[in-house]
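1. using only what follows, build the 3D model:
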Amino acid sequence: MKAIQIERPGHTVLVDLTLLKPKANEILIKVMATGICGTDIHILRGDYIGNYPIIPGHEFSGIVEQIGKGVSRLHRGARVAVEPNISCDNCYNCLNNRQNFCENWQAVGVTRQGGMAQYIIVPEKVTFDIGDLPFEYGTFVEPLSCVLHGIERININISDRVLILGAGPIGILFLQVIRLQGAGYISVLEKQSSRAELAKRFGADLVAIDINDLKENDFDIIIDATGKIILMEKTVDLVRHGGKVLLFGVPSAGEKMNIEGIKIFQKGLTLLSSFTSLRNSYQAISLLQSRQVDVSELISHKFPLSDFKRGVELIKKVLILPQE
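-> Below is the predicted model:
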């Protein structure tokens, strides 16, 4: 099979690898579509956790090609998506329902081989049937599940005034789910014109292109979907007294925030972060199948494996089609 391999930070190569067979409780998937995520870019740059050489790609869908002994929930030919986080289910964190902080945590496309390949082997327990959902939409199961975990963390109330920083794919997913949660007014900060227009089409009440155009102390909830330190630092000024901030975007390793601590104290703020997802895949699949969350406009390009680096350069939400 062919696969994209990051041999070391900044260097990728298209490789030919031997196609292996699934072991007990494992599934061999023929990968039909894989999304390029910001995390993949961090791994390519060398500023995120990951092993090298590594086949990236943790947002993917495909067809079950073979099943190993003991597989009972899925069958050959099933159309599936994968939750990339693999927990041991036996450590202290797992046994306290914090599987995303598993002490023996592994992740497809991060610590073990990922979906930028024509085939991949994964445990059955992290594989989910997507029914007739198009494979392209199936690549959004993982990012949407992460968004849903973030929503669970921040606990949006009906009529809340919400600000989303960034209108990339993650920001647009947040926008749609927050609308479903009953928020009263949703503002989005996005300077890129095409993304700003997309936020308007998906129902943002206000789209600002300059953070200085936003009023301080005006938002019940602020969600950063950029990972940009300069924007993350501004959240404590923009959120109201007693408000909440969710730092969802992934900053580069080594970057430090400079926040005046007295503001957090005087405003009684709640600052949260959200790491991956926590048993949210079925929820994500349901929202995608019902079209309550629409991802049709979030796919900008479709490339074969050989164009992985081109996709990284163009990223909006670029799909890699390993079978082409």
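2. domain ranges for this protein, per the record?
-> Following automatic domain parsing, one gets these domains for the chain: 2-140+295-320, 147-273.
3. quick one: the strands in the stretch 51-200 of the chain?
-> 59-67, 79-82, 85-86, 106-107, 119-123, 127-129, 161-165, 185-189 (DSSP state E, counting those that start in this stretch).
4. on contacts alone, who are the packing partners of the second one?
-> Yep, that's strand 79-82 we're talking about. strand 26-35, strand 59-67, strand 127-129, helix 135-138, helix 141-154 (3 or more Cβ pairs under 8 Å, 6 or more residues apart in numbering; DSSP states H and E). No exception for glycine: its C-beta is placed from N, CA and C like everyone else's.
5. got the CA positions of whichever strand or helix holds Ser286 in PDB?
-> Using DSSP states H and E, Ser286 sits in helix 281-289. Output of helix 281-289 as PDB, limited to C-alpha atoms (Å, rounded to 0.1, in the frame of the first residue of the first chain):
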ATOM      1  CA  SER A 281     -18.400   9.800  18.400                       C
ATOM      2  CA  TYR A 282     -22.000   8.600  18.300                       C
ATOM      3  CA  GLN A 283     -23.200  12.100  19.000                       C
ATOM      4  CA  ALA A 284     -21.200  13.500  16.200                       C
ATOM      5  CA  ILE A 285     -22.400  10.800  13.700                       C
ATOM      6  CA  SER A 286     -26.000  11.500  14.700                       C
ATOM      7  CA  LEU A 287     -25.700  15.200  14.100                       C
ATOM      8  CA  LEU A 288     -24.000  14.700  10.700                       C
ATOM      9  CA  GLN A 289     -26.500  12.100   9.600                       C
END
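6. what mean pLDDT does that helix have?
-> Confidence over helix 281-289, taken as the mean pLDDT, stands at 98.
7. strands along the stretch 201-324 of the chain, start to end?
-> Counting by DSSP E, counting those that start in this stretch, one finds strands in the stretch 201-324 of the chain at the ranges 206-208, 219-224, 239-247, 270-273, 301-303, 318-320.
8. could you export the domains of the chain as a markdown table, including mean pLDDT, distance to Gln289 and mean neighbour count?
-> Output for the domains of the chain, formatted as a markdown table (pLDDT from 0 to 100; distance: least, Cβ to Cβ, whole Å; neighbours: other Cβ atoms under 10 Å):
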| stretch | mean pLDDT | distance to Gln289 | mean neighbour count |
| --- | --- | --- | --- |
| domain 2-140+295-320 | 93 | 5 | 19 |
| domain 147-273 | 96 | 14 | 18 |
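9. of these, which is nearest Ala284?
-> domain 147-273 (6.1 Å; Cβ to Cβ).
10. can you give me the end-to-end span of the closest one?
-> 11 Å (Cα to Cα, to the nearest Å).
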